[in-house]
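# pasted the sequence and its predicted model underneath.
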Amino acid sequence: MEIESHWHYQKAGFHAAPCDKYKISNVSSHCIQFRLPMPKPQAHHPGTITIIQPPKINSTAFNDDDDDCKGSNKKKKKKSNSNATPTTSTPTDILRLMDGLGLPIPPDIYASLIKESSTTGDATQATQLHAHINRSGLPLSSALLNRILLMYVSCGLIHTARHMFDKMNVLNKNSISWAIMLAAYMDNGFYEEAIFLFVQMMELHSTIMLELPAWIFICVLKACVHTMNLTLGKQVHGWLLKVGYATNLFLSCYLISFYGKFRCLDDADFVFDQTSERNTVIWTAKMVNKCQGEYMHEALVAFTEMGRAGVKRNEFTYSSVLRACGRVKDHGRCGRLIHASTIKLGLESDIYVQCGLVDMYGKCGLLVEARRVFETVSDTNKTNIVCWNAMLTGYIRHGLYIEAIKFLYQMKAAGIQPQESLLNELRIACGSTTLENKTDGMQI
């Protein structure tokens with residue numbers, strides 16, 4: 001029979017979800033069984049109705065599956081994490097986010113974003129960041145303006161940096177601002193612009209020069225060398241003497257080198273004599289000047305005085321003095337003494353010393369010794385073209401043309417390109433046709 005309502009089991013105290021029909025089977029002893037998804041009844045009437053609860057679900061059967069699912073999800077997550085590429089926020093993204101939130105940007109945040117743009121060297125981001133700073137109406141301090149100036153320089157926007165530099169207020173344009181622009185011009189090879197800017201600073205803001213670091217004056221002297229402007233270099237030297245900067249060790253060293261490049265050896269010696277602390281670099285610079293001026297004996301005298309003064313000699317010192325030994329006509333006697341000194345100090349394996357020894361022995365006609373030193377050059381330093389050219393020059397200058405041609409084959413095997421002037425000299429000595437036949441069509 002069918003019961004079409006819930007009254008029969010609601011009367012017994014049961015509460016079940018509504019349902020249209022329940023079917024009751026005819027069983028003995030009037031026992032009616034219900035399978036209801038509901039909790040145990042609060043009142044139980046024995047004898048007539050027995051409630052059978054739904055069977056409990058075996059949790060362990062699903063835990064394994066859940067664990068497998070979780071494990072697979074973890075694996076998928078790990079896999080996705082490993083394949084995912086991390087995204088970095090650019091200064092433009094940060095500005096857009098803070099503008100969307102309506103948050104004002106303090107100066108320290110701007111400074112961090114400027115530093116980030118300077119590191120990445122992105123010119124577009126640098127321009128957008130500066131435009132955002134201008135729109136914000138933030139009062140710009142000298143420190144922040146110098147950071148923006150350095151950002152433009154780091155991004156290669158030299159002309160934009162100069163335009164901003166010219167628009168800066170006189171009060172905000174300090175020594176750091178001038179130093180940034182001077183260094184930018186030097187690093188990019190704008191030597192004329194660097195000199196013009198320095199002269200402008202001397203005429204309009206001479207007091208700022210007292211605040212400049214020493215390396216700025218070295219940059220200016222380098223620009224004078226590149227532009228062959230000896231007059232301005234002497235003016236800078238005179239100003240340094242006036243304010244007492246000439247005693248700076250780095251400036252003194254470069255002044256000696258500066259005058260040596262213009263062959264003004266008397267002025268270089270004046271700077272050397274005015275220097276109270278003479279280190280290895282000062283003495284080496286003096287010897288280089290003497291060698292460039294073909295004063296080889298004076299270079300050897302300076303080397304001897306350097307040893308008496310107890311100043312340590314390095315590989316550059318020996319490389320310079322070996323150049324002088326190669327031009328002193330004493331059949332290599334002085335050069336052998338210098339070679340023994342390098343062995344004593346453990347510098348015979350240095351590439352600069354080895355190239356100097358090959359050149360010295362080659363110029364003295366001691367080609368056996370030169371070749372012996374050349375063979376001791378390590379494989380890592382065999383790519384140095386200076387040693388190869390020095391050895392080839394020794395063969396050519398002393399008439400060993402067959403040995404020179406054989407040496408050309410070795411250079412070709414090593415992938416070394418000789419100097420064109422040496423090849424021309426060898427062609428003239430042997431005759432171009434003879435040389436081409438002997439080199440078997442070598443294309444050098």
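Everything's here; your move.
# so how far is Leu241 from Ser341?
The gap separating Ser341 from Leu241 is 37 Å, by C-beta to C-beta, to the nearest Å. Bear in mind the C-beta positions are built from the backbone N, C-alpha and C, glycine included.
# these two: which is more packed in?
The residue with more neighbours, out of Ser341 and Leu241 and counting by other C-beta atoms under 10 Å, is Ser341; that gives 16 against 13.
# that one: which element?
In this assignment (DSSP states H and E), Ser341 forms part of helix 333-345.
# next one: Gly326
Taking DSSP H and E as the criterion, the element that holds Gly326 is helix 315-327.
# and for Gly362?
With DSSP H and E as the test, Gly362 turns up in helix 351-363.
# what angle do that helix and helix 315-327 make?
If you take axes from the mean of the first three to the mean of the last three C-alpha atoms, to 10 degrees, helix 351-363 sits at 0 degrees to helix 315-327.
# tell me the mean pLDDT for stretch 354-367?
In this model, stretch 354-367 has an average pLDDT of 95.
# measure Lys290 to Val321 for me?
Applying C-beta to C-beta, the value for Lys290 to Val321 is 10 Å.
# ok, the residue positioned nearest the centre of the chain - contacts?
For the chain, the residue nearest the mean C-alpha position is Thr119 (10.7 Å; C-alpha atoms, centre = their mean). For Thr119, the contacting residues are Ser154, by C-beta atoms under 8 Å, 6 or more residues apart in numbering.
# ok, back up a step: the more surrounded of Lys290 and Val321?
Taking Lys290 and Val321 together and counting by other C-beta under 10 Å, Val321 has the greater number of neighbours (29 against 26).
# remind me which helix or strand the residue nearest to the centre of the chain belongs to.
Element membership for Thr119, per DSSP H and E: helix 107-120.
# list the buried residues of that helix.
Residues of helix 107-120 classed as buried by neighbour count (16 or more other C-beta atoms under 10 Å): 107, 110, 113-114, 116-118.
# could those be laid out in CSV, adding distance to Gly356 and pLDDT?
Supplementary listing: the buried residues of helix 107-120 in CSV, determined by distance: C-beta to C-beta, whole Å; pLDDT from 0 to 100:
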residue, distance to Gly356, pLDDT
Pro107, 55, 84
Tyr110, 53, 85
Leu113, 51, 88
Ile114, 47, 88
Glu116, 47, 87
Ser117, 46, 86
Ser118, 42, 88
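# got those residues as a markdown table, with distance to Tyr245 columns?
Conversion of the buried residues of helix 107-120 to a markdown table gives the following (distance: C-beta to C-beta, whole Å):
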| residue | distance to Tyr245 |
| --- | --- |
| Pro107 | 34 |
| Tyr110 | 35 |
| Leu113 | 37 |
| Ile114 | 32 |
| Glu116 | 36 |
| Ser117 | 35 |
| Ser118 | 30 |
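# now, which of those residues sits nearest Thr231?
When the buried residues of helix 107-120 are ranked by distance to Thr231 (C-beta to C-beta), Ser118 comes first, at 36.3 Å.
# re the thing from before, what does the helix holding Gly326 rub up against?
280, 283-284, 287-288, 290-291, 294, 296-297, 299-300, 303, 306, 332, 334-335, 338, 341-342, 347, 350, 352-353, 355-357, 359-364.
# of these, buried ones?
For the contacts of helix 315-327, a burial check counting by 16+ other C-beta under 10 Å picks out 283-284, 287-288, 290-291, 296, 299-300, 303, 306, 332, 334-335, 338, 341-342, 347, 350, 352-353, 355-357, 359-364.
# so what sits against both of Lys290 and Val321?
Ala299.
# would you mind measuring from Met151 to Lys167?
For Met151, the distance to Lys167 (C-beta to C-beta) stands at 16 Å.
# so between those two, which is more surrounded?
Summary of the neighbour comparison: Met151 and Lys167, criterion other C-beta under 10 Å, with Met151 having more neighbours (27 against 9).
# that one reaches Ser117, doesn't it?
Yes. Look at Met151 against Ser117 with C-beta atoms under 8 Å: they come within range, at 5.3 Å.
# what sits in contact with each of the two?
If you check Met151 and Ser117 against C-beta under 8 Å, 6+ apart, the residues they both contact are 126, 129.
# where in the chain is pLDDT low?
Counting by pLDDT under 70, the chain shows low-confidence ranges at 1-88, 99, 432-444.
# contacts for the host helix or strand of Ala179 next, please.
Take DSSP H and E as the rule and Ala179 turns out to sit in helix 175-187. Contacts of helix 175-187 from elsewhere in the structure, counted by C-beta under 8 Å, 6+ apart, are 142, 145-146, 149-150, 153, 158, 161-162, 165, 168, 191, 193-194, 197-198, 201, 205, 208-209, 211-213, 216, 219-220, 222-223.
# where along the stretch 201-350 of the chain do the helices fall?
For the stretch 201-350 of the chain, helices defined by DSSP state H, counting those that start in this stretch occupy the ranges 214-226, 230-243, 249-261, 265-274, 280-292, 296-308, 315-327, 333-345.
# quick one: these as JSON lines, columns for distance to Cys430 too.
Converted to JSON lines, the helices of the stretch 201-350 of the chain look like this (distance: least, C-beta to C-beta, whole Å):
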{"stretch": "helix 214-226", "distance to Cys430": "40"}
{"stretch": "helix 230-243", "distance to Cys430": "43"}
{"stretch": "helix 249-261", "distance to Cys430": "37"}
{"stretch": "helix 265-274", "distance to Cys430": "40"}
{"stretch": "helix 280-292", "distance to Cys430": "31"}
{"stretch": "helix 296-308", "distance to Cys430": "31"}
{"stretch": "helix 315-327", "distance to Cys430": "25"}
{"stretch": "helix 333-345", "distance to Cys430": "29"}
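# got a list of what Arg162 touches?
Each residue near Arg162 by C-beta under 8 Å, 6+ apart is listed here: Met181.
# and the angle for the host helix or strand of it with helix 175-187?
When secondary structure is defined using DSSP H and E, the element that contains Arg162 is helix 158-167. Orientation of helix 158-167 against helix 175-187 (the same axes, to 10 degrees) gives an angle of 150 degrees.
# buried residues in helix 158-167?
Buried, per 16+ other C-beta under 10 Å, within helix 158-167: 158, 160-162, 164-165.
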